[in-house]
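A.B. asks: Sequence and predicted structure are below.
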There are 2 protein chains.
Amino acid sequence: MGEFRVGVIGGGQLARMMLVPAIELGINLKVFAEAEGSSASLGVTQVGDYTRIEQIAEFAKTVDVITFDHEHVPISVLEALEADGVKVQPPSKALNFAQNKLSMRLRLNEIGVAMPRWAAVETAAELDSFIAENDGKAVVKTPIGGYDGKGVRMVTSSKDVADWLKPVQLAKSGGKLLVEEKVAFVREVAQLSARTPSGEFKPWPLVQTTQVNGVCDEVVSPAPGATPQLHMRAAEMANQIAKGLGVTGVFAVEMFETEDGRLLVNELAMRPHNSGHFSIEGSVTSQFEQHLRAVLDLPLGDTAARAEVALMMNLLGVDDEVDFFNGFDAALAAYPSAKIHTYGKSPRQGRKMGHVTVLGESLASCRAQAEGCAMILRSL
Amino acid sequence: MGEFRVGVIGGGQLARMMLVPAIELGINLKVFAEAEGSSASLGVTQVGDYTRIEQIAEFAKTVDVITFDHEHVPISVLEALEADGVKVQPPSKALNFAQNKLSMRLRLNEIGVAMPRWAAVETAAELDSFIAENDGKAVVKTPIGGYDGKGVRMVTSSKDVADWLKPVQLAKSGGKLLVEEKVAFVREVAQLSARTPSGEFKPWPLVQTTQVNGVCDEVVSPAPGATPQLHMRAAEMANQIAKGLGVTGVFAVEMFETEDGRLLVNELAMRPHNSGHFSIEGSVTSQFEQHLRAVLDLPLGDTAARAEVALMMNLLGVDDEVDFFNGFDAALAAYPSAKIHTYGKSPRQGRKMGHVTVLGESLASCRAQAEGCAMILRSL
């Protein structure tokens, strides 16, 4: 049979972290990056424009399956690959739902998944009417192109998104805006899972996520206080979504947990996800290994936890200077059990530059270590 | 401060496995390989002859510190680098002991470390006299160039190494042979540790190793039944050796445990070692991460265990065909908790092609899984 070859489109930190299990398992991972000097540069075999079918087709000839570091490759490009017999995981029909939040909401509705109340609106009047019906507030999202808090606004009036409602801008969003009720959640959680083309499905335990300004700050696995029933229900929802949308590979379902114990689907990510970085140390099988296994249609690995608690904290860029290396010595000395990950990116405020994971028996101890470590790295 | 740059001489599986923590921590790891298509090819920045000082000097200019995948770089080359101000870890004066088993025995004697009885012999008469004094049997080693059971013979008479005693061959071994008593050990153990140039020292728990035909077959961490006192004594011996020989980086002390509870030093390896592969999953800090931290003189990481038991089994080449990929599917399906590592090498009988690690609560269960997994991979 010889070696397995996986092609990843996108050279970000997710592709970088896929290199690790590729080295371990002996999988030949090739990365198509948009520019030189990317986070995953060690694996880059081609640099180009992922919107150009001829470039992607050339890349696809060198691998057994194509997968992704991000969800921005045009569906038309992927459809052309598939028509040419190239294996694309997740396939274009699934990725389409990840690229268009309105299509995603419609499809989740069809398969009966619990969500916040939502509507597609084209005019200020429609939007104001939705706001009025939902306690005077709502969340407006551009259906296309948003991520990490971009393309999402909390509103109390259509005036708050007057710019998005202008015809030219509205056309860029696909002609409509998505408006959702502002859920009074007690916390945010995420269900990470993997599904193979053959249909094997394997979830990780439900995790608790904390966002700051719409960007993931902290992930705790398992979600503190979650009952076995909650874990099971979240996993069942993920399985239902994976089947209903045809998802393959690792994917994350971000959800709101409400006071009355409901789980409402907020966002979907059809790739390894920030909420799963804890699994590198915290699980028998990391999300990056599982993703490679899944897209190659190999049997999935055990997702059991390696410790009582795993806590991951993101290292966001402080400014254009702090690269998290000046404090390395001090951080390693003070926190010998903390696992520091850096992504090889040039510093920029708010940019995801790395993360820290700590495993242990107590959440408080893990958090204290991760916070202490992150504080040293950020401040120097 | 910017990024850290480490140069590794040698492109084997040890360099390959160093790439993993390099990616995770954000260390720029560069590999000097002897040929194209090496196990660590992903990290190779120069291909050449490691016995040529001008080539190694060129490589050294691109990194902050030089370290090793193997112990075969001529001491004269390393001394020339050091004279030129290049940081070499472990330094030439330490590596010298790893390259010459007779020098090693002499030095261990000076610092008072327990060893098998030994002698340096030049003639058949001297050897036969040693054999006679040691119950009619002994182990003869060529002081230079042996590894993985090569250059080691069990003898009952000087006739068994008549070829090694011929003047031309004897000269290649440095003019003398090393002869050691055949220790009646109850088992073999290994003490893996790391030491930084600043003098920080950190051991892992003592492990039990099983050799087949002089090649490592299985490693169990911690060594079953080892008392805290035994762990402590082994770690103290390793510390004494590291200080006495000036070792830096990760190193392994292979020892015999005798029926009366003594630990006798058999071999030293001044680099990450087969007896430490379990630490990739089994320890908070793997030997490969620790080695990078040590050679960069960064603070060392926690070496605590991630599970009650970690068991590693080597995957040795079966023949020139079996590359361990044909059984991948079946092995992953049958053993979802087993972590399979392959080294990207072309198959050859007896070659170290990969390994399998299983963590768990019971040795029997870990061994059954690792053996089952290895059996599938070997047989297909």
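C.D. replies: In hand now; what should we look at? Numbers count the residues shown, from 1 in each chain, chains lettered A, B, ... in the order given.

A.B. asks: thought A:Ile131 was touching A:Lys137?
C.D. replies: Yes - A:Ile131 lies in contact with A:Lys137 (CB atoms under 8 Å); the separation is 6.6 Å. Glycine gets a C-beta too; all of them are placed from N, C-alpha and C.

A.B. asks: residues shared between the contacts of the two?
C.D. replies: A:155-156 (CB atoms under 8 Å, 6 or more residues apart in numbering or on different chains).

A.B. asks: Give me the more crowded residue out of the two.
C.D. replies: Ranked by neighbour count (other CB atoms under 10 Å in any protein chain shown), A:Ile131 and A:Lys137 place A:Ile131 first, with 22 against 12.

A.B. asks: For the more buried one, pull up the helix or strand it's in.
C.D. replies: helix A:124-133 (DSSP states H and E).

A.B. asks: what comes up buried for that helix?
C.D. replies: A:126-128, A:130-131 (16 or more other CB atoms under 10 Å in any protein chain shown).

A.B. asks: contacts for that helix?
C.D. replies: Against helix A:124-133 from outside (CB under 8 Å, 6+ apart): A:119, A:121, A:137-138, A:140, A:155-159, A:161-162, A:165, A:177, A:179.

A.B. asks: Look through the stretch 1-150 of chain A and state the residue closest to chain B.
C.D. replies: A:Gly26 (3.2 Å; CB to the nearest CB).

A.B. asks: Helices of chain A, start to end?
C.D. replies: A:13-25, A:53-60, A:75-83, A:92-99, A:101-110, A:124-133, A:162-165, A:167-172, A:228-245, A:279-282, A:287-295, A:328-334, A:363-379 (DSSP state H).

A.B. asks: Mind putting those into CSV with mean pLDDT and distance to B:Gln89?
C.D. replies: Shown next, in CSV, are the helices of chain A (pLDDT from 0 to 100; distance: least, CB to CB, whole Å):
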stretch, mean pLDDT, distance to B:Gln89
helix A:13-25, 98, 23
helix A:53-60, 98, 39
helix A:75-83, 97, 47
helix A:92-99, 95, 47
helix A:101-110, 96, 52
helix A:124-133, 97, 64
helix A:162-165, 94, 57
helix A:167-172, 89, 55
helix A:228-245, 98, 46
helix A:279-282, 98, 26
helix A:287-295, 98, 30
helix A:328-334, 95, 16
helix A:363-379, 96, 25
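
A.B. asks: what's the closest of those helices to B:Gly354?
C.D. replies: helix A:13-25 (9.2 Å; CB to CB).

A.B. asks: what does the stretch 251-380 of chain A have sitting close to chain B?
C.D. replies: A:280, A:284-285, A:293, A:298-302, A:304, A:306-307, A:323-326, A:328-329, A:332-333, A:336-337, A:339-344, A:354, A:359 (CB under 8 Å from any CB of the partner chain).

A.B. asks: just checking, A:Gln89 touches A:Val295?
C.D. replies: Yes - the criterion here is CB under 8 Å, and A:Gln89 meets it with A:Val295 at 3.9 Å.

A.B. asks: Identify the contacts common to those two.
C.D. replies: Common contacts of A:Gln89 and A:Val295 (CB under 8 Å, 6+ apart): A:65, A:67, A:248-249.

A.B. asks: what's the closest non-adjacent residue to the closest residue to chain B within the stretch 251-380 of chain A?
C.D. replies: Here the stretch 251-380 of chain A gets closest to chain B at one residue, A:Thr342, 3.2 Å apart by CB to the nearest CB. Once flanking residues are discounted, A:Thr342 sits nearest to B:Gly26: 3.2 Å by CB to CB, 6 or more residues apart in numbering or on different chains.

A.B. asks: And the one you found, how far from A:Asp69?
C.D. replies: Distance of B:Gly26 to A:Asp69, given as CB to CB, to the nearest Å: 18 Å.

A.B. asks: out of these two, which sits in the more crowded spot?
C.D. replies: Taking neighbours as other CB under 10 Å, B:Gly26 and A:Asp69 compare with A:Asp69 leading, 27 against 23.

A.B. asks: isn't the more buried one right up against A:Gly7?
C.D. replies: No - applying CB under 8 Å as the test, A:Asp69 and A:Gly7 come out as separate, 10.7 Å apart.

A.B. asks: what sits in contact with each of those two?
C.D. replies: Joint contacts of A:Asp69 and A:Gly7 (CB under 8 Å, 6+ apart) are A:Val31.

A.B. asks: Ramachandran coordinates for the residue nearest to the spatial centre of chain A?
C.D. replies: Centroid check for chain A by CA atoms, centre = their mean gives A:His273 as the closest residue, at 3.2 Å. Here is the backbone geometry of A:His273 (degrees, to the nearest 10): phi -140, psi 150.

A.B. asks: isn't it right next to A:Gln287, touching?
C.D. replies: Yes - if you go by CB under 8 Å, A:His273 and A:Gln287 touch, sitting 7.3 Å apart.

A.B. asks: Name the residues contacting each of the two.
C.D. replies: With CB under 8 Å, 6+ apart, A:His273 and A:Gln287 have common neighbours A:192, A:250.

A.B. asks: Tell me how chain A divides into domains.
C.D. replies: For chain A, the structural domains run A:5-88, A:117-180, A:185-379, going by automatic domain parsing.

A.B. asks: Check the gap between the residue located most distally from the centre of chain A and B:Phe185 for me.
C.D. replies: Most distant from the centre of chain A: A:Ala125, at 33.3 Å, with distances by CA atoms, centre = their mean. To B:Phe185, A:Ala125 is 87 Å away according to CB to CB.

A.B. asks: Repeat that for A:Phe288.
C.D. replies: 42 Å.

A.B. asks: Show me which of the two is the more surrounded one.
C.D. replies: Comparing A:Phe288 with B:Phe185 by other CB under 10 Å, the one with more neighbours is A:Phe288, at 25 against 17.

A.B. asks: ok, back up a step: tell me who's in contact with the residue lying closest to the residue nearest to the centre of chain A once chain neighbours are set aside.
C.D. replies: Take A:His273 and drop its neighbours on the chain: the residue closest to it by CB to CB, 6+ apart is A:Ala252, 3.6 Å away. If you count contacts by CB under 8 Å, 6+ apart, A:Ala252 has them with A:190-193, A:268-269, A:273, A:275-276.
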